[in-house]
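In: generate a structure from the sequence data that follows.
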Amino acid sequence: MKETYAAASDEELAARARQGDAAAETLLLEKYKPLVRSRARELFLAGGDREDLIQEGMLGLLKAVRSYDPKREASFGTYARLVVSRQIYSALAAAQRQKHQALNHSVSMEEIEEQQDRLALGTSDSPEAILLDLENARELREMIFAALSPMEKKVLALYLEGYDYLQIAARMERPVKSIDNALQRIRGKVARMVFQ
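Out: As a prediction, the model looks like this:
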């Protein structure tokens with residue numbers, strides 16, 4: 001039975017997996033696991049760890065295996081890479097939205113000061129520290145946007161609003177590959193700024 005799987009292309013294995021062949025599905029998941037690890041290694045999830053991104057990537061890979069249509073022009077490998085990347089980017093975008101959740105549930109500074117002793121808030125949670133963090137984040141955002149081309153600025157703004165690659169490509173009337181390339185350039189510029 002292993003011989004029939006060894007001779008099968010990825011596209012054939014995906015077709016078998018869609019018909020309920022668990023062995024074909026498992027084989028594809030194992031084969032493309034290094035792709036998931038590679039994509040997760042390139043990115044960073046605030047408040048999470050690399051394993052969180054790998055799990056998201058594996059979910060994306062499973063979606064790719066179960067939704068791949070052999071009639072598509074792209075190979076399974078290309079399709080899997082795209083779906084895995086989207087899944088990871090969606091997780092990153094969701095984490096970014098949750099990161100700012102505190103701003104959406106704000107409390108007045110007077111209320112914090114009144115409650116500080118009762119709540120035993122430390123100096124790291126002080127209003128001043130929060131304001132400094134927000135100011136630093138604003139400055140970093142300005143530096144990032146200053147380093148981007150006009151197209152990259154539009155792509156990043158849409159991406160931060162939660163749009164995926166296809167939606168951004170449609171809104172900007174550009175190929176998906178162009179959007180992917182722009183996000184790769186943005187990621188490189190941000191990494192150079194943050195880790196210098």
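
In: list the buried residues of the helix or strand harbouring residue 57.
Out: Here residue 57 sits within helix 50-67, counting by DSSP states H and E. Buried residues in helix 50-67, counting neighbours by 16 or more other CB atoms under 10 Å, are found at 53, 54, 55, 56, 57, 58, 59, 60, 61, 62, 64, 65. For glycine as for every other residue, the C-beta is placed from the backbone atoms N, C-alpha and C.

In: who are the contact partners of the fifth one?
Out: Shown here is residue 57, whose contacts under the criterion CB atoms under 8 Å, 6 or more residues apart in numbering are 35, 36, 37, 39, 40, 84, 87, 88.

In: returning to what we had before: can I get the buried residues of helix 50-67 in CSV including distance to residue 148 and pLDDT?
Out: Formatted as CSV, the buried residues of helix 50-67 follow (distance: CB to CB, whole Å; pLDDT from 0 to 100):
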residue, distance to residue 148, pLDDT
53, 24, 80
54, 29, 84
55, 30, 87
56, 26, 87
57, 26, 87
58, 31, 89
59, 30, 90
60, 26, 88
61, 30, 88
62, 34, 88
64, 30, 88
65, 35, 88
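
In: may I ask which two of those residues are separated the most?
Out: Spatially, the most separated pair among those is 53 and 65, at 18.7 Å (CB to CB).

In: circling back to that earlier point, for residue 164, state which of the buried residues of helix 50-67 is nearest.
Out: residue 60 (11.6 Å).

In: my read is that the closest one contacts residue 81, right?
Out: No - with contact defined as CB atoms under 8 Å, residue 60 does not reach residue 81; the gap is 9.6 Å.

In: can you name the next helix or strand after the helix holding residue 57?
Out: Following helix 50-67 in sequence, per DSSP H and E, is helix 76-99.

In: what's that following helix packed up against?
Out: Here helix 76-99 is seen to pack against helix 10-18, helix 33-42, helix 50-67, helix 150-160, helix 165-172, helix 176-194 when contacts are counted using 3 or more CB pairs under 8 Å, 6 or more residues apart in numbering; DSSP states H and E.

In: go again with 6 Å.
Out: Packed against helix 76-99 by the contact rule (3 or more CB pairs under 6 Å, 6 or more residues apart in numbering; DSSP states H and E) you find helix 10-18, helix 33-42, helix 50-67.

In: okay, the angle between the second one and helix 176-194?
Out: Here helix 33-42 runs at 50 degrees with respect to helix 176-194, directions being taken by axes from the mean of the first three to the mean of the last three CA atoms, to 10 degrees.

In: what about residue 74, neighbour count?
Out: 13 (other CB atoms under 10 Å).

In: next, count neighbours for the closest residue to it other than its chain neighbours.
Out: Using CB to CB, 6 or more residues apart in numbering and skipping residues adjacent in sequence, the residue nearest residue 74 is residue 82, 7.7 Å away. Using other CB under 10 Å, residue 82 has 18 neighbouring residues.

In: perfect, I'm done here.
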